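heads up, no residue letters with this:
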């Protein structure tokens, strides 16, 4: 049996994926690794490149873009390791990180998930440890009101009281690099495919915590994450997926009334932004950028932010 199965979902980031696979290969002597790439119908030659340059990788190409969550579940369905790692293709695994995470899970059988410290490309820290969102978090985080949030709301959500290099229990860690115990996955099931992209790891960790498992931020192991390179290609769809995933989470864990109220607030927020950008465009301030933003916000409003 493999010590670790690494699942990477890729979409049109061939160069970044190659760098990620190279960083994994540099640590292959430390663990018995299974590397699985689920390609979500890339048009940049990713499957051919993986087949030619990384024959050890188990490649599962898709004929259509099935979404991040569904593709991860496809990878989880064929993984055979004692542990599984969901890893973004725009990451570099720093030396020793994989073996440290596996060793930590070996030593702590009550821990279901573990996530490493994450760095930006320039070496600065990228926040990936979290506490569960409250309604206040939903209203302020990733909306135009975020700069006006009471300091305690976001400080709590981002677990800012925990040092970057600490080892600490948290509520959830972001899915750019999330290692899970096989027994946990067998107990709570796969990712909820109602989340096409965003918040799927939040929901997964919530289900783990509800089942009695610990989730740990392991600040002594580290990766580099370039961040959102596939999502950058999505435009308005990125906004729609992010906000509908947020709404799905609040509906599941806080009830329909809270979710409906939050949805109304978010739609009003995008309407406000559309009006503001339209006004700025009329007075001639960066008109091309304003037109692009108006188009994006209009598409979000037309979607209605309906939750599946």
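Arrived safely, thanks for sending. All values derive from a computational prediction rather than experimental measurement. Numbering: from 1, shown residues only.

Go through the chain and flag its longest strand.
Longest strand of the chain, by residue count under DSSP state E: strand 214-225.

Contacts for the very next helix or strand once past it, please.
Of the helices and strands lying after strand 214-225 in sequence (DSSP states H and E), the nearest is helix 236-254. Outside helix 236-254, the residues that touch it by CB atoms under 8 Å, 6 or more residues apart in numbering are 133, 135, 138, 142, 194-200, 202-203, 206, 231-232, 234, 258-259, 262-263, 266, 270, 295-297, 299-300, 303, 305-308. Quick note: C-beta positions are derived from backbone N, CA and C, even for glycine.

The helix or strand that helix 236-254 is followed by vs helix 236-254, what angle?
The helix or strand immediately downstream of helix 236-254 is helix 256-282, counting by DSSP H and E. Here the directions of helix 256-282 and helix 236-254 differ by 160 degrees (axes from the mean of the first three to the mean of the last three CA atoms, to 10 degrees).

if you average pLDDT over helix 256-282, what comes out?
The pLDDT scores in helix 256-282 average 93.

for stretch 61-69, same thing?
For stretch 61-69, mean pLDDT rounds to 93.

all strands of the protein, in order?
Counting by DSSP E, the chain has strands at residues 4-10, 33-39, 58-61, 83-87, 91-93, 111-119, 125-126, 129-130, 167-170, 172-173, 177-181, 214-225.

so which of the ones you listed gets nearest residue 277?
Evaluated with CB to CB, the strands of the chain place strand 125-126 nearest to residue 277, the distance being 28.3 Å.

Which strands and helices lie in contact with the closest one?
Helices and strands touching strand 125-126, by 3 or more CB pairs under 8 Å, 6 or more residues apart in numbering; DSSP states H and E, are strand 111-119.

Give me the mean pLDDT for the strand it packs on.
Rounded mean pLDDT across strand 111-119 is 98.

Which elements pack onto that strand?
helix 97-107, strand 125-126, strand 172-173, strand 177-181, helix 200-210, strand 214-225.

switch to 6 Å and redo it
Packing contacts for strand 111-119, counted by 3 or more CB pairs under 6 Å, 6 or more residues apart in numbering; DSSP states H and E, involve helix 97-107, strand 177-181, helix 200-210, strand 214-225.

May I see those organised as JSON lines, with mean neighbour count added?
As requested, those are exported to JSON lines (neighbours: other CB atoms under 10 Å):
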{"stretch": "helix 97-107", "mean neighbour count": "19"}
{"stretch": "strand 177-181", "mean neighbour count": "26"}
{"stretch": "helix 200-210", "mean neighbour count": "22"}
{"stretch": "strand 214-225", "mean neighbour count": "22"}
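
circling back to that earlier point, now render the strands of the chain as a markdown table, adding distance to residue 287.
As requested, these are exported to a markdown table (distance: least, CB to CB, whole Å):
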| stretch | distance to residue 287 |
| --- | --- |
| strand 4-10 | 36 |
| strand 33-39 | 38 |
| strand 58-61 | 41 |
| strand 83-87 | 41 |
| strand 91-93 | 37 |
| strand 111-119 | 37 |
| strand 125-126 | 33 |
| strand 129-130 | 38 |
| strand 167-170 | 44 |
| strand 172-173 | 41 |
| strand 177-181 | 40 |
| strand 214-225 | 34 |
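
Since that was my last question, I'll sign off now.
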